[in-house]
Structures are given as C-alpha cells and as structure tokens.
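# sequence and predicted structure are below.
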Amino acid sequence: MMKKISKFDNKEIIKVLEAGGLVVFPCETVYGVAVDSSNCMVVEKLNKYKQRPLGKPYAIMCSGQKMAEEYVSLNKTAFNLYKRFLPGPVTVVSKGKGKVPKGIESETGTLGVRIPDYPDLLKLIKEFGRPIVATSANASYQRRPYKISDILENISEKQKKLIDLMIDAGELPHNEPSTVIDTTLDDETVILRQGEIKLKGKNEVLSRSDENTQNTAKELWQKYQDFAGKRAIIFCLEGEMGVGKTVFVKGLARAMGIRQQITSPTYDLLSCFQSTVDGQQLAHIDTWRMIDPNSELDDLNIKKLITDRSIIAIEWADKAIEEIRKYLSDAIIIWVKIRYGKNLSDRLISWGNL
C-alpha cells in the first residue's frame, strides 16, 4: 500500500529502497521515481511502472563524482562536464563498468549519471551509500510531473499499486528536465535531450542550393547515425512553404541509403521507406493538412514508430510541438529551422536539440 510523506525521512526511504520498493521523490527538475541500483529485481518493476519497452536504459543518481566513477569510466569530455555543470540538471552518459543490474545500462554498455542539485536528495544518496536508479515519475508519453496530481491523474490503478512511498513536496518550479549528453564519442559531445542547461555554440549554415541543403541533412545524419537502432531519432522541420523541408528529407534519405523517390506526404500524411544499407526505417510525416496535429500524430501511431526506434522526419513540426514534446525521454529530437536568405536560392539552416 502506498504511503505518503511530506518531507524527506531518510530512514523510512532507505528502508523502502532496500526492500525493493519504488519511491516517488522531488528534485530540481520534476518529480522522479527511484529504486535501489543494486537490486536485480527492480528494473522489471520500474519498466512496468513507466510502461516502457525492454532495452531502454535508465540513469543513476550519485552523491558526487567519486561515487560516479565506481560505475562509469570518465573521459576528458566527461570530466569537464562534471566540473562545469554538476551538481545540476545534466545527465552525462559514459562507458559503464557493468556494476549495475541488467537493463540499467544501455545495450551498448553506456550509463547515464546525474548528480542532482537538491540538498535533501544528495543527503539521501550519501546515507544510502550507493546510487539510486532514477527517472521521471510520469508514465512514458504523459505530462511532466511538477506536482503529485500530475502523476496520479495520469497513471492506472495497477501503476499506483507499484508505488511504495511518495514524498509530496507540493508543486515544483516548472523547470525543464535534465539535459542528456553522450560523451562516449571521444571527438565530440552529442546532446541526446536538451533541457534547462544549454551548451554554447550556434549551429547554422548558409545553403545556396538544394544540393547544399541535402548535404547539410547528410552531415546531421552522420552526427547521429551511431544512435540509429538504439533510440528513435526525430528530425523536426520548421519553415515556410517551399523553403526546402522536403529537400532536406531527400538528403536525409539519401544519406541513409534509401533509393526511393521522396515526395512530401501532404495528402497521405505518412510515408515509410526502408534503407537498402542497414534496413533502418525512415518515417516521413507532413502535418500541413492536419486539423489537430497533436491528436492526428497519435492516430498515425507515432508511439509505435518511436518504440520501433525509427528515424522520423516531420514537416511543419511546429504545428505539433506539444505532441512531440511527449517523446523527449524516448527519442533524440533535432529541431531544424529553414529560412529564406537574401538571394533567391539562399537558405539559412539552423538546428539544435529540443
């Protein structure tokens, strides 16, 4: 039976965690849910609560860098991020050491670590003596949980029964979720999810032709293609009519090894293509004709596309921003904005992570 408390009682919380329980807790971003990182049985329980597919990894919360280094190997990039941003709303992904139960690290052996900027939570982890496995307390694809009612009003009775202890600290400030940064590609960092912390650097190029636009799509694909098959990747395209959104998708398809002709699915809404190189699926969506893009994307079964770890390109994505935001935790989302330049053939292409 779920028990509620209004503040951190570390003795009570640790007792629940050590018994294999699931704890809902507040932090500096949103309400989270935690389990013991040393218990092999809890991952299945967490998956049932989150209603997420097998194979999607979790992050651990540590009390500091020293604890983190017991579980991950930090390269120079990771060291710099720890020094600059932690404690704080940043999850740093590094090579794991295989010291957590199966299902917490990714299928490729990487592990995300967060050191929260929330004194009560840091004190709890220190007293617990080991990391907690933590993720947001909302079920997958549901609203961000800034208060307890955001959780309880959007989960089933079965999910509620999985919660053993809930710390209700009232409504939290409406901050963004943590920024997730992969440091395992030694030559660069890759932002898997953009949160409150935004890294400096402007991504913008001037395209003077359709070929330039397609090459920009190719370069973006090369930056993220190592994650294909591991997570869904969504390219969200924003721009006026005729600016080159479909041209961008043509370049993306070509880079993926798709030989079929790409046209905008304005009337069909969704077209799917298969790569001849590795079998990856590209789902091309156009929201232009949608009356209610948020619900109509759901009708197109975008959840399954994401669960299947597809590559998705959405034209007029700005019309469906609320629906797309639901998948921040489950997909890498790259927002691409294309604008007209000074000359007839010029296009300004900028991008970043949602």
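Great, that's in hand.
# mean confidence for stretch 96-108?
Across stretch 96-108, the average pLDDT comes to 91.
# buried residues, that stretch. List them.
Neighbour counts over stretch 96-108 (16 or more other C-beta atoms under 10 Å) mark 96, 99-101, 103-106 as buried. (Each C-beta comes from the backbone N, C-alpha and C, glycine too.)
# what residues are up against residue 10?
With contacts taken as C-beta atoms under 8 Å, 6 or more residues apart in numbering, residue 10 has the following neighbours: 123-124, 127-128.
# ok, the residues you listed vs residue 325, which is closest?
residue 124 (29.5 Å; C-beta to C-beta).
# tell me how far the strand or helix carrying that closest one lies from the chain's centre.
Per DSSP states H and E, residue 124 falls inside helix 119-128. Mean-position distance between helix 119-128 and its chain equals 25 Å (C-alpha atoms, centre = their mean, to the nearest Å).
# now for it, which elements pack on it?
helix 10-18 (3 or more C-beta pairs under 8 Å, 6 or more residues apart in numbering; DSSP states H and E).
# low-scoring stretches of this structure, by residue?
Where the chain drops to pLDDT under 70, the residues are 53-55, 140-141, 186-190, 192-202.
# tell me which other helices or strands the longest helix belonging to the chain touches.
As assigned by DSSP state H, the longest helix anywhere in the chain is helix 210-224. Packing partners of helix 210-224 (3+ C-beta pairs under 8 Å, 6+ apart): strand 204-207, strand 232-238, helix 245-256, strand 331-340, strand 347-353.
# I'd like these laid out as CSV, including distance to residue 48.
Below are those laid out as CSV (distance: least, C-beta to C-beta, whole Å):
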stretch, distance to residue 48
strand 204-207, 43
strand 232-238, 21
helix 245-256, 34
strand 331-340, 21
strand 347-353, 29
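# nearest to residue 81, of the ones you listed?
strand 347-353 (15.3 Å).
# please state the offset of that closest one from the chain centre?
Worked out by C-alpha atoms, centre = their mean, strand 347-353 lies 20 Å from the chain centre.
# residues making contact with it?
191-194, 202-208, 212-213, 216, 220, 243-244, 248, 332-341.
# repeat the analysis, applying 7 Å as the threshold.
191, 193-194, 203-207, 213, 216, 220, 243-244, 333-341 (C-beta atoms under 7 Å, 6 or more residues apart in numbering).
# and what of stretch 210-220?
205, 207, 244, 247-248, 250-252, 254-255, 334, 347, 349, 351.
# swap in stretch 235-243?
245, 248, 252, 313-315, 317-318, 324, 333-340, 347, 354.
# switch to 8 Å and redo it
So stretch 235-243 is contacted by 217, 220, 245, 248-249, 252, 311-318, 324, 333-340, 347, 354 (C-beta under 8 Å, 6+ apart).
# roughly how far apart are residue 171 and residue 244?
43 Å (C-beta to C-beta, to the nearest Å).
# next: residue 331.
Distance, residue 331 to residue 244, using C-beta to C-beta: 23 Å.
# what of residue 273?
Applying C-beta to C-beta to residue 273 and residue 244 gives a distance of 19 Å.
# which of these two has more residues huddled nearby?
Legend: neighbour count by other C-beta atoms under 10 Å for residue 273 and residue 244, higher for residue 244 (26 against 20).
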